[in-house]
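Student: Pasting the sequence and the predicted coordinates here, then a few questions.
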Amino acid sequence: MTYSIMINKESEYLPPNEIFFNDYKLQQSLNFVSESVDRLNLKAILKGGAIRDMLCNHFYGTNLKTKDLDIFVNSKINLLHGDLLKNGAKLVERRTRKGSSVFKYQIPKFPEIDIEIGSIIAKPSQYSKNTDLENMIKQDAFLTDLRVNSMSLPLIQGKSKWNLSEINDSEKGIKDIKERILHVVNENELFPAGRILSTVRLSLDLDFGLPNATLKQLSAHA
């Protein structure tokens, strides 16, 4: 994905701790999903690149425009899948993420926005049905490739603006964005082969450095 970096003069006048989507289509697409989540009484998070882009816009005054939304629910993804289809979403693709199904959708009004929905994943040996959502989110973050992609936000109907304090950031993704580096989450885990080129591309697009730990991972698993 290629980003267009532009300075946003309006950022000088925004609340100091507020991040948000700078695109109406993204706001409405997120709300389409959050309405289903709320209707089914589920818990869900927005994770990954969307948050990374919002933070870059917030800290650097850029105008990154996210083209996809990664959403994860704590349970009953089959019910959410059915509700989305019932309300006009189109299933585009189904794939596997860490042993669990992920569904990609397009919604009626904004088919250009890709919406991917999966389950919050943690190592089965580390949690049970009694594990609370906060710990599941932390474990899911730990299983992410890069720290800047590990952050998440609570999905709440009608909400498209958040305070920085609401970000789930157990792997210090905000720190990496402030330092403009792409650090791997776990230096001892096998880096996903499919993420090697995208990591290099992300480094070039955002002008973020690749520290030695990340370069070592990319080299070892290329």
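Tutor: Received, thanks.
Student: And the helices in this structure?
Tutor: 24-39, 49-60, 77-86, 133-142, 173-179, 196-206, 212-221 (DSSP state H).
Student: for the last one, packing partners?
Tutor: Read it as helix 212-221. Here helix 212-221 is seen to pack against helix 196-206 when contacts are counted using 3 or more C-beta pairs under 8 Å, 6 or more residues apart in numbering; DSSP states H and E. C-beta here means a position set from N, CA and C on the backbone, and glycine is covered the same way.
Student: can you check the second one too?
Tutor: The elements that helix 49-60 packs onto, with contact taken as 3+ C-beta pairs under 8 Å, 6+ apart, are strand 18-20, strand 68-73, helix 173-179.
Student: Please point out which parts of the longest one sit buried.
Tutor: When you say that, I think you mean helix 173-179. Applying a neighbour-count criterion of 16 or more other C-beta atoms under 10 Å, one finds 173-174, 176-177 buried in helix 173-179.
Student: Name the stretch among the helices of the chain that sits most buried.
Tutor: A comparison of the helices of the chain by mean neighbour count, using mean count of other C-beta atoms under 10 Å, puts helix 49-60 on top with a mean of 22.
Student: angle of that one against strand 68-73?
Tutor: Relative orientation of helix 49-60 and strand 68-73, computed by axes from the mean of the first three to the mean of the last three C-alpha atoms, to 10 degrees: 120 degrees.
Student: chain center to helix 49-60, what's the gap?
Tutor: Centroid separation between helix 49-60 and its chain, computed with C-alpha atoms, centre = their mean, to the nearest Å, is 11 Å.
Student: What separation is there between the most centrally placed residue in the chain and Leu64?
Tutor: With distances taken as C-alpha atoms, centre = their mean, the residue of the chain nearest its centroid is Gly48 (1.9 Å). Between Gly48 and Leu64 the computed distance is 13 Å (C-beta to C-beta, to the nearest Å).
Student: Same question for Gln157.
Tutor: Separation of Gln157 from Leu64 (C-beta to C-beta) stands at 25 Å.
Student: before we move on, what about Lys172?
Tutor: In this view, Lys172 and Leu64 are 20 Å apart by C-beta to C-beta.
Student: and those two? which has more neighbours close in?
Tutor: Set side by side, Lys172 and Leu64 give different neighbour counts by other C-beta atoms under 10 Å, the larger being at Leu64 (23 against 16).
Student: isn't Glu116 right next to Val102, touching?
Tutor: Yes. Using C-beta atoms under 8 Å, Glu116 makes contact with Val102 at a distance of 5.6 Å.
Student: low-confidence ranges in this protein?
Tutor: 1-15, 98, 122-131, 222 (pLDDT under 70).
Student: quick check, nearest of the buried residues of helix 173-179 to Trp162?
Tutor: Distance ranking of these against Trp162, using C-beta to C-beta, places Ile174 first at 12.6 Å.
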